[in-house]
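In: Have a look at this prediction, sequence included:
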Amino acid sequence: MNRTLYSIAGSAVMLTMVSCGGNTDQIAQAFVEAEKMVASMQVPTFKGDTISIVAEGAQEDGEASVNQKAILSAIDKVHENGGGVVLVPKGTWQTGPITLKSNVNLCIAEGATLRFSTNYEDYFPTVETRWEGVDCNNMHPLIYANGETNIAISGKGTIDGQASNDVWWYMKGKSKYGWKKGLMSQGDGGRDTLLAYDRDRVPVEQRGEFDLEDALRPQLINIRDCKCVLIEGVRLTNSPFWVIHPLLCEDLTVRGVKIESHGPNSDGCDPESCKNVLIEDCFFDTGDDCIAIKSGRNNDGRRWNRPSENIYVRDCQMKNGHGGVVIGSEISGGFKNLWVENCSMDSPELDRVIRIKTSDCRGGVIENVFVRNVVVGDCYEAVLKINLMYEPEENCEHNFPPTVRNINMQNITSTKSKYGVYIVGMNNAPERVDGVRVIDCSFNGVEKGNNVKNAINVDFNNLLINGRNAELE
């Protein structure tokens, strides 16, 4: 069997015929490597010792400060005793922010809801984190850990951030989310300051602490610089900002989690500068990207030089979101080795299936992406979108052209989208997108076919657009 290979620079198109056998073999071998990665990962284990938060003084429907104190006391005791389970039993439990410690499994029992305070002052003092890829000391995430090992958040209960247009979301500064003149917003507060710190290379220790008026909303779960982490089974809803934000972590498993959060920037799971990550059997219905892989923004990302690497997504369901599985845009540290398989995605509110977004502010290399066996119903814009011209008006140094290479898709079907493959490379530098292979795929209900600009070695092998070979489109 042969394939048609497109080398595309602007409107110039060259066609050559080459043998196709190696590509499918390469994809199959890639998933063998994915399984090896999973087998090598450390998975948390815990002693059987269990402390209920009730034993430490928690009261159902009690005050958040009382329950927070009880939960933190239980975490301290389990940690000091060598590990075990902190149990949140059936019922509704108000609380303030929580900090996890090594060898602790915070278990939210079936029928339990852990409901976080809407009193903003409860989220101070600040902690070390990143916000949109830039290092800072910001409000305490609802659940946080820093430098811990062997930790888990588990159970079949619900963690409710209680964010809404009246609480947290309006800080985005858009009327759609409840903002009105006179209310605080990130645009009038800390976001510009934070980006200026990065742009001016201000040392982190000189950046100070962001206060409430800066309006940089906290994450629901932020696990920083941790190893051997499990998030399993829980339902996560109404997050102020990103839902799950693992940062600088290694050996992370996210399994069987249901995420429902439609606020601004409600990304479902954003591994940032993480290594060896498994995301499986999860459900995403989000206000932003379902999964977004990151590695720091601009100068901060390049200073750390900590790529994300080895991330395996399988058996997940995506509903609403800006993208199903996304790389970027805060990806300055680079990324390598993404595997996605056996997922389903379907919603007119899902904009793209696989998306890579970056720019010459970011730089870095994104490489080795393998996607197979994905069933797509509706998506709004494109099944695959690669954009190296993301937010071209950003105030930054535009001196760091990124590279995207070795992107592979096989056996993907879809029923409705505006485009099939949509690639926006860099003007006068088509080699910055090099090696995109779409094999044995069928995209139906496509309004505008494929749109590929400024890329080389774009390979459509048995790609059907509305039932016709792609090269006829």
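Out: Structure's in. What do you need?
In: Just the helices from the chain, written as ranges.
Out: Here the chain has its helices, by DSSP state H, at 21-40, 64-80, 190-199, 298-304.
In: Please export the C-alpha coordinates of the third one as PDB.
Out: Spelled out, that is helix 190-199. Once non-C-alpha atoms are left out, helix 190-199 reads as follows in PDB (Å, rounded to 0.1, in the frame of the first residue of the first chain):
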ATOM      1  CA  GLY A 190      -2.500  40.400  39.500                       C
ATOM      2  CA  ARG A 191      -2.400  38.800  36.100                       C
ATOM      3  CA  ASP A 192      -0.600  41.600  34.400                       C
ATOM      4  CA  THR A 193       1.700  42.000  37.300                       C
ATOM      5  CA  LEU A 194       2.500  38.300  37.300                       C
ATOM      6  CA  LEU A 195       3.200  38.200  33.500                       C
ATOM      7  CA  ALA A 196       5.400  41.300  33.900                       C
ATOM      8  CA  TYR A 197       7.500  39.500  36.600                       C
ATOM      9  CA  ASP A 198       8.100  36.700  34.100                       C
ATOM     10  CA  ARG A 199       8.800  39.100  31.200                       C
END
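In: Pull out the buried residues from that helix.
Out: By 16 or more other Cβ atoms under 10 Å, the buried positions in helix 190-199 come out as 190-191, 194-195, 197-199. Where C-beta positions appear, they are placed from N, C-alpha and C, glycine not excepted.
In: same thing with stretch 385-404?
Out: Buried-residue list, stretch 385-404, by 16+ other Cβ under 10 Å: 385-388, 390, 394, 396, 400-404.
In: Would you work out how far apart the start and end of it are?
Out: 12 Å (Cα to Cα, to the nearest Å).
In: Mind listing what's buried along stretch 418-436?
Out: 418-426, 430-436.
In: Show me the two of those residues that sit farthest apart.
Out: Lys418 and Glu431 (27.0 Å; Cβ to Cβ).
In: and Ile327, what are its bridge partners?
Out: Taking DSSP bridges as the rule, Ile327 bridges to Ile293, Ile356.
In: picking that back up, columns pLDDT on top of the buried residues of stretch 385-404, output as CSV?
Out: Listed next are those as CSV, based on pLDDT from 0 to 100:
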residue, pLDDT
Lys385, 98
Ile386, 98
Asn387, 98
Leu388, 98
Tyr390, 96
Glu394, 96
Cys396, 96
Phe400, 98
Pro401, 97
Pro402, 98
Thr403, 98
Val404, 98
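In: Quick one: the strands in the stretch 151-300 of the chain, in order.
Out: 158-160, 221-224, 227-232, 235-237, 244-247, 250-255, 258-261, 275-280, 283-286, 291-293 (DSSP state E, counting those that start in this stretch).
In: Can you say which of these is packed in most?
Out: The highest average neighbour count among the strands of the stretch 151-300 of the chain, using mean count of other Cβ atoms under 10 Å, belongs to strand 291-293 at a mean of 29.
In: So which other helices or strands are in contact with that strand?
Out: Where contact means 3 or more Cβ pairs under 8 Å, 6 or more residues apart in numbering; DSSP states H and E, strand 291-293 is packed against strand 308-314, strand 325-328.
In: beta partners of the closest residue in space to Pro141 that isn't next to it in sequence?
Out: Spatial nearest neighbour of Pro141, chain neighbours left out: Asn222 (3.7 Å); criterion: Cβ to Cβ, 6 or more residues apart in numbering. Taking DSSP bridges as the rule, Asn222 bridges to Tyr144, His245.
In: Also Val313?
Out: Going by DSSP bridges, Val313 forms beta bridges with Ile279, Val340.
In: That one and Cys290: what is the separation?
Out: Counting by Cβ to Cβ, to the nearest Å, the gap from Val313 to Cys290 is 9 Å.
In: Between those two, which contacts overlap?
Out: Common contacts of Val313 and Cys290 (Cβ atoms under 8 Å, 6 or more residues apart in numbering): Val325.
In: Quick check: bridge partners of Leu453?
Out: Heads up, residue 453 is Lys, not Leu. Beta-bridge partners of Lys453, as defined by DSSP bridges: Val424.
In: quick one: it and Ala429, what's the gap?
Out: For Lys453, the distance to Ala429 - Cβ to Cβ - is 12 Å.
In: Could you do Gln68 as well?
Out: 52 Å.
In: Next: Gly187.
Out: Distance from Gly187 to Ala429, by Cβ to Cβ: 32 Å.
In: picking up where we left off before, adding distance to Cys136 and mean pLDDT, write the strands of the stretch 151-300 of the chain out as a markdown table.
Out: Converted to a markdown table, the strands of the stretch 151-300 of the chain look like this (distance: least, Cβ to Cβ, whole Å; pLDDT from 0 to 100):
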| stretch | distance to Cys136 | mean pLDDT |
| --- | --- | --- |
| strand 158-160 | 24 | 98 |
| strand 221-224 | 12 | 98 |
| strand 227-232 | 22 | 98 |
| strand 235-237 | 23 | 98 |
| strand 244-247 | 12 | 98 |
| strand 250-255 | 22 | 98 |
| strand 258-261 | 22 | 98 |
| strand 275-280 | 23 | 98 |
| strand 283-286 | 23 | 97 |
| strand 291-293 | 19 | 98 |
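In: could I get these as a markdown table with distance to Val85?
Out: Output for the strands of the stretch 151-300 of the chain, formatted as a markdown table (distance: least, Cβ to Cβ, whole Å):
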| stretch | distance to Val85 |
| --- | --- |
| strand 158-160 | 16 |
| strand 221-224 | 18 |
| strand 227-232 | 12 |
| strand 235-237 | 19 |
| strand 244-247 | 20 |
| strand 250-255 | 17 |
| strand 258-261 | 21 |
| strand 275-280 | 22 |
| strand 283-286 | 25 |
| strand 291-293 | 28 |
